[in-house]
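Trainee: Just the structure for this:
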Amino acid sequence: MDNLAFIRNTMEAAGSFTAVSGWGMVAIGILALIVAVMASQMPSETAALNVWLAAAILSPLMMIWAMVQKARAAKMPLLSGPGRKFVLSFSPPIFVGAVLTFVLYRAGFAVAIPGVWLLLYGTAVVAGGAFSVKIVPVMGLGFMAAGCIALFSPAAWNDWILGAAFGGLHIAFGIPIARSHGG
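Mentor: Residues are numbered from 1 along each chain as shown. Below is the predicted model:
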């Protein structure tokens, strides 16, 4: 029995985290496109940032719900070996992004927040994606590239760059993930 448990644990740890929901990513992408339009209509940078912050709270909730549904449908544990590694790798850059959002805003550098968000989200996706399906880290690199663009582009472009990245990349990568990996 001990040998079987060891073999099972080894196989589980060597597997990849496949509960990333492609359709959840598509939903987040659609939300991001809507938010980009809304934020671009806001009278101030702070108001636009608040719209994006609301989306930053809603999006993970949507993705967690979609991942739970996908894991239940596949009858697989969500936080087993690869899932746990995914969360442990993905979470630190997201936490850093949250902290830096407040620091940059207080310091008067709100214009840098979109680029920092994209860079750190991309870093989180690359790090977590190392334990997921192969296309996920590639998507993370796309977010990192968008972050670099946002940091060196005019501030007026920020909402559109965020929309193109969080919207376009989630949709563009979510559809193939959904088709190839069961939702």
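Trainee: How about the secondary structure of the residue lying closest to residue 164 once chain neighbours are set aside?
Mentor: Excluding the flanking residues, the one nearest residue 164 by C-beta to C-beta, 6 or more residues apart in numbering is residue 146, at 6.9 Å. (Glycine included, C-beta is placed from N, CA and C.) With DSSP: H, G, I helix; E, B strand; the rest coil as the basis, residue 146 sits in helix.
Trainee: Is residue 83 located within a helix, as I assumed?
Mentor: Yes: applying three-state DSSP, one finds residue 83 inside a helix.
Trainee: how close does it get to residue 27?
Mentor: Distance check for residue 83 against residue 27: by C-beta to C-beta, to the nearest Å, it reads 20 Å.
Trainee: Please say which of these two ends up with more neighbours.
Mentor: Neighbours were counted for residue 83 and for residue 27 using other C-beta atoms under 10 Å; residue 83 has more, 24 against 19.
Trainee: got the buried residues for stretch 157-175?
Mentor: Within stretch 157-175, the residues that count as buried by 16 or more other C-beta atoms under 10 Å are 158-171, 173-174.
Trainee: Repeat that for stretch 60-69.
Mentor: Neighbour-count burial for stretch 60-69 [16+ other C-beta under 10 Å]: 62, 63, 66, 67.
Trainee: Can you tell me the closest non-neighbouring residue to residue 91?
Mentor: Distances taken as C-beta to C-beta, 6+ apart place residue 124 nearest to residue 91, at 7.5 Å, with adjacent residues excluded.
Trainee: show me the contacts for residue 54.
Mentor: Neighbour list for residue 54: residue 35 [criterion: C-beta atoms under 8 Å, 6 or more residues apart in numbering].
Trainee: Among the buried residues of stretch 60-69, name the ones in helices.
Mentor: 62, 63, 66, 67 (DSSP state H).
Trainee: Farthest pair within these?
Mentor: The span of these, defined through C-beta to C-beta, is set by 62 and 67 at 9.7 Å.
Trainee: what touches both of those two?
Mentor: residue 24.
Trainee: Tell me where this structure has strands.
Mentor: Counting by DSSP state E, the chain forms no strands at all.
Trainee: Mean pLDDT per helix and strand in it: which one sits at the bottom?
Mentor: helix 2-14 (a mean of 52; mean pLDDT, DSSP states H and E).
Trainee: Mind jotting down where the helices sit in the protein?
Mentor: Remark: helices assigned in the chain by DSSP H are 2-14, 22-40, 45-73, 81-106, 113-129, 135-151, 158-162, 170-180.
Trainee: and the angle for the longest one with helix 170-180?
Mentor: Pointing back at helix 45-73 there. Interaxial angle, helix 45-73 versus helix 170-180 (axes from the mean of the first three to the mean of the last three C-alpha atoms, to 10 degrees): 0 degrees.
Trainee: so helix 45-73 versus helix 22-40, what angle?
Mentor: Using the same axes, to 10 degrees: helix 45-73 against helix 22-40 is 170 degrees.
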